[in-house]
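Colleague: Quick one: sequence and predicted model below, then my questions.
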Amino acid sequence: MPKGMFVDTSICTGCKACQVACKEWNGLPHEPSHFIQDPIEMRPVAINFTGDSYDNTGALSATDWRRVRFIEQFSADRSRGRWLFSSDSCKHCNDAGCLNACPTGAIERTDLGNVFIRQDVCIGCKYCVPSCPFGVVSVSEATGTARKCTLCNDRIHHGMGTACAKACPTGSIAFGEMSDLRVRADKRLAQLVALGRTDANIYGYNEAGGLNVFYLFLDRPAVYGQPEKIVVPQKRLPASSAATVAGALVLGAVAIAAFRERGKAEEEGEVKS
Ligand code: SF4
Ligand code: SF4
């Protein structure tokens, strides 16, 4: 039975408890300090802030496996506005570009449907990095291996839910069996539409073969920074194999022709002598 998460962004408060829980459970290091000491003025100077509202990660990375996106929408005079929040992570796609691209078999799908990178098999070649349509996976400078959310692989294989879902105080992140989560999502969507939120939509039923971490958004997916037209890279093997076979056939034909020519020349030489 595949398991996953339903992220109902309509009840996310942007508290980031999920981000903290993810860091804590997975032992992920903190980001570099946001301040350095100015050697001339001898005072702390702010560096590497996103400058993007209260979003303190800016992107998913080898050390930030979860990111709470803050989307601020204000009128020019700032008299009207809204904040949209979305807790983002690996989507554990059914057609996973990262898994398709990995040449070593380091990226596996487990019996519960999550996409897991085996750190002892990853060689850090980075093929998976551009193959993820969501910009999720990256290679850690510290380990030299690709790292991303595992869907708390260790927890879920011991009967527990994910750390982020456990920590979320509003129930915005729900962990469970995919069939149950879809029922819950459809019900919530119908409820919001009945309340006049006609822009509400589910993201992840069809994208990349279906996402095992899927979302309810209150606006178009692009507003939340998610791609709307997804092309999932497939295995490169067939194309490269075809090229290899074609190359081998050409070489073989050349070799046979050369062999025949040589044989012919030797026969002629024997006749002459
Ligand atoms: S979101 Fe990206 S990293 Fe996660 S399973 Fe899909 S392709 Fe792989
Ligand atoms: S970096 Fe690791 S996980 Fe990514 S494609 Fe290469 S071997 Fe596979």
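Modeller: Perfect, thanks for sending it. Ligands and ions are numbered 1, 2, ... in the order given.

Colleague: Can you show me the strands along the stretch 51-200 of the chain?
Modeller: Assigned by DSSP state E, counting those that start in this stretch, the strands in the stretch 51-200 of the chain fall at 67-74, 81-88, 107-109, 115-117, 138-139, 146-147, 173-177.

Colleague: looking at the ones you listed, which is closest to ligand 2?
Modeller: Closest to ligand 2 of those is strand 146-147 (C-beta to the nearest ligand atom; 3.8 Å). C-beta here means a position set from N, CA and C on the backbone, and glycine is covered the same way.

Colleague: neighbours of N48, just the number please.
Modeller: For N48, the neighbour count with other C-beta atoms under 10 Å is 12.

Colleague: doesn't it fall inside a strand?
Modeller: No: under DSSP: H, G, I helix; E, B strand; the rest coil, N48 falls outside any strand and is assigned coil.

Colleague: Distance check, it against N56.
Modeller: Using C-beta to C-beta, to the nearest Å, N48 is found at 10 Å from N56.

Colleague: Now the common contact residues for these two.
Modeller: E31 (C-beta atoms under 8 Å, 6 or more residues apart in numbering).

Colleague: ok so, going back, okay if I get the strands of the stretch 51-200 of the chain as a markdown table plus mean pLDDT?
Modeller: Supplementary listing: the strands of the stretch 51-200 of the chain in a markdown table, determined by pLDDT from 0 to 100:
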| stretch | mean pLDDT |
| --- | --- |
| strand 67-74 | 93 |
| strand 81-88 | 95 |
| strand 107-109 | 98 |
| strand 115-117 | 98 |
| strand 138-139 | 96 |
| strand 146-147 | 98 |
| strand 173-177 | 98 |
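
Colleague: In TSV: the ones you listed, plus mean neighbour count and distance to ligand 2.
Modeller: Below are the strands of the stretch 51-200 of the chain laid out as TSV (neighbours: other C-beta atoms under 10 Å; distance: least, C-beta to the nearest ligand atom, whole Å):
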stretch	mean neighbour count	distance to ligand 2
strand 67-74	17	20
strand 81-88	19	20
strand 107-109	18	5
strand 115-117	22	5
strand 138-139	18	6
strand 146-147	22	4
strand 173-177	19	24
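
Colleague: For the ones you listed, give me CSV that also has distance to M1.
Modeller: Formatted as CSV, the strands of the stretch 51-200 of the chain follow (distance: least, C-beta to C-beta, whole Å):
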stretch, distance to M1
strand 67-74, 28
strand 81-88, 24
strand 107-109, 14
strand 115-117, 16
strand 138-139, 30
strand 146-147, 27
strand 173-177, 5
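
Colleague: count of residues packed around H158?
Modeller: H158 has 8 neighbours, counted by other C-beta under 10 Å.

Colleague: now do A76
Modeller: 6.

Colleague: wait, what's in contact with it?
Modeller: No contacts exist for A76 under C-beta under 8 Å, 6+ apart.

Colleague: For it, report the pLDDT, please.
Modeller: At A76, the model reports a pLDDT of 93.

Colleague: and this protein, which of its residues are near ligand 1?
Modeller: Residues of the chain lying near ligand 1 by C-beta under 6 Å from any ligand atom: 90-93, 96-98, 115, 132, 134, 136-137, 148.

Colleague: In helices only, show me those residues.
Modeller: Counted as lying in helices by DSSP state H, out of these, are G97, C98.

Colleague: distance of the nearest residue to C164 once chain neighbours are set aside from A76?
Modeller: Once flanking residues are discounted, C164 sits nearest to C18: 3.7 Å by C-beta to C-beta, 6 or more residues apart in numbering. Taking C-beta to C-beta as the measure, C18 falls 33 Å from A76.

Colleague: R82 contacts Q73, correct?
Modeller: Yes: R82 lies in contact with Q73 (C-beta atoms under 8 Å); the separation is 5.3 Å.
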